[in-house]
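K.L.:
with the input below, show me the fold.
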Amino acid sequence: MSLNTLEEIANYIVSDGKGILAADESNPTCGKRFDSIGVESTETTRRDYREMLFRSEGMKGNIGGVILFDETLRQSSEDGISLTKLILDQGALPGIKVDQGLQPLEGHPEETLTQGLDGLGDRCDEYFGLGAKFTKWRAVIKIGEGMPSDKSIAENMQALADYAKVVQQSNMVPMVEPEVLMEGDHTIDQCFEASKRCLNALFSSLEKNKVNLAGTILKPNMVTSGSLSANQASIDEVAEKTLECLKAEVPSNLPGITFLSGGQSDLSSTAHLDAMNKIGGFDWKLSFSYGRALQQPALKAWLGKEENKPAAQAALSHRALMNKLAASGEWSESLEK
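P.N.:
Okay, the predicted model is just below:
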């Protein structure tokens, strides 16, 4: 796979309806997922689980990139093949999460600022040497009383732009993730407003930093009702509001927008993506970068047992294919039966 420029890498990841498998859960998060199926989280069990996912038949043709955690980028399979090679052999590119988590925002204890700019250049050079082709940094924005504050948006979006600049200097594609959380009882209109403010500030900061947008991928939330809202927006309303927000703020030379699932169910995240692609009328590729929404059925099927691996791989393969179809506007619920 000869991909030499940032533009070629970014375009490849989202080509032909392909999307991204987010497998970059930190060890504590992975521990919680494993607790839910009664499996102890160790370096070996995490490796075995992720190796099983990466060897799934449905990776090929449906997944263009895999986001990894630091530990996974350095691991090899039980038979000695590096996990990055397994991913490449499936026609996908390995990526790496480079942010270092959240700290309370000064003067706004309810809000957070993502950490990780210190020493980022050196870390990126090392990750590039280990085979990573793209990176991810997540900013977290909350909706609530007086939130998001202007300070939260300004500082988090500037950090995303500063990160993107450093990553491109290390010859990797930055994935910028400004996540407006679903948690809360807010309306879809409040989510629209917060998402629009974030995207406006983000692209303004990226432009000021002279980040090459043609070699960048956006990983946003969809515009939805809050998870606790009494009035849940329909699939069509989510699709229409999300597209309205993106069309207003996202430049057309960005190659791809790969949504996070953000706590949506497997089917909802697929249905929303499909509805947007059926509407159409945009220049970027609109695809997926799902963690739970791709992995959860596989995790439930696996239960840590060797004999369950084929069923778990089939579950991941099915979700990967369904989301590829959604990224082309060709999904229907009847395919889930």
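K.L.:
which stretches in the stretch 101-250 of the chain count as helices?
P.N.:
For the stretch 101-250 of the chain, applying DSSP state H, counting those that start in this stretch gives helices covering 120-129, 150-169, 188-208, 235-249.
K.L.:
these into JSON lines, with extra columns for distance to L3, mean neighbour count and mean pLDDT?
P.N.:
C-beta here means a position set from N, CA and C on the backbone, and glycine is covered the same way. Shown next, in JSON lines, are these (distance: least, Cβ to Cβ, whole Å; neighbours: other Cβ atoms under 10 Å; pLDDT from 0 to 100):
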{"stretch": "helix 120-129", "distance to L3": "13", "mean neighbour count": "17", "mean pLDDT": "98"}
{"stretch": "helix 150-169", "distance to L3": "15", "mean neighbour count": "21", "mean pLDDT": "98"}
{"stretch": "helix 188-208", "distance to L3": "22", "mean neighbour count": "20", "mean pLDDT": "98"}
{"stretch": "helix 235-249", "distance to L3": "26", "mean neighbour count": "18", "mean pLDDT": "98"}
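K.L.:
do you know how far the closest residue in space to F69 that isn't next to it in sequence is from S289?
P.N.:
Using Cβ to Cβ, 6 or more residues apart in numbering and skipping the chain neighbours, the partner closest in space to F69 is D24 (4.8 Å). Separation of D24 from S289 (Cβ to Cβ, to the nearest Å): 10 Å.
K.L.:
what do you get for G304?
P.N.:
Distance from G304 to S289, by Cβ to Cβ: 26 Å.
K.L.:
where does the stretch 1-150 of the chain dip in pLDDT?
P.N.:
By pLDDT under 70, the low-scoring segments of the stretch 1-150 of the chain are 1.
K.L.:
and with 80 instead?
P.N.:
1-2 (pLDDT under 80).
K.L.:
quick revisit: redo the helices of the stretch 101-250 of the chain as JSON lines? Include distance to G281.
P.N.:
Shown next, in JSON lines, are the helices of the stretch 101-250 of the chain (distance: least, Cβ to Cβ, whole Å):
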{"stretch": "helix 120-129", "distance to G281": "36"}
{"stretch": "helix 150-169", "distance to G281": "26"}
{"stretch": "helix 188-208", "distance to G281": "18"}
{"stretch": "helix 235-249", "distance to G281": "8"}
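K.L.:
show me the strands in the stretch 51-200 of the chain, by range?
P.N.:
Along the stretch 51-200 of the chain, the segments classed as strands by DSSP state E, counting those that start in this stretch run 63-68, 93-97, 102-105, 108-114, 134-141, 173-180.
K.L.:
for these, which one sits closest to G121?
P.N.:
Closest to G121 of these, according to Cβ to Cβ: strand 134-141, at 11.9 Å.
K.L.:
and the angle from the closest one to helix 188-208?
P.N.:
130 degrees (axes from the mean of the first three to the mean of the last three Cα atoms, to 10 degrees).
K.L.:
run the chain-centre distance for strand 134-141.
P.N.:
8 Å (Cα atoms, centre = their mean, to the nearest Å).
K.L.:
what of stretch 167-177?
P.N.:
The answer for stretch 167-177 is 14 Å, by Cα atoms, centre = their mean.
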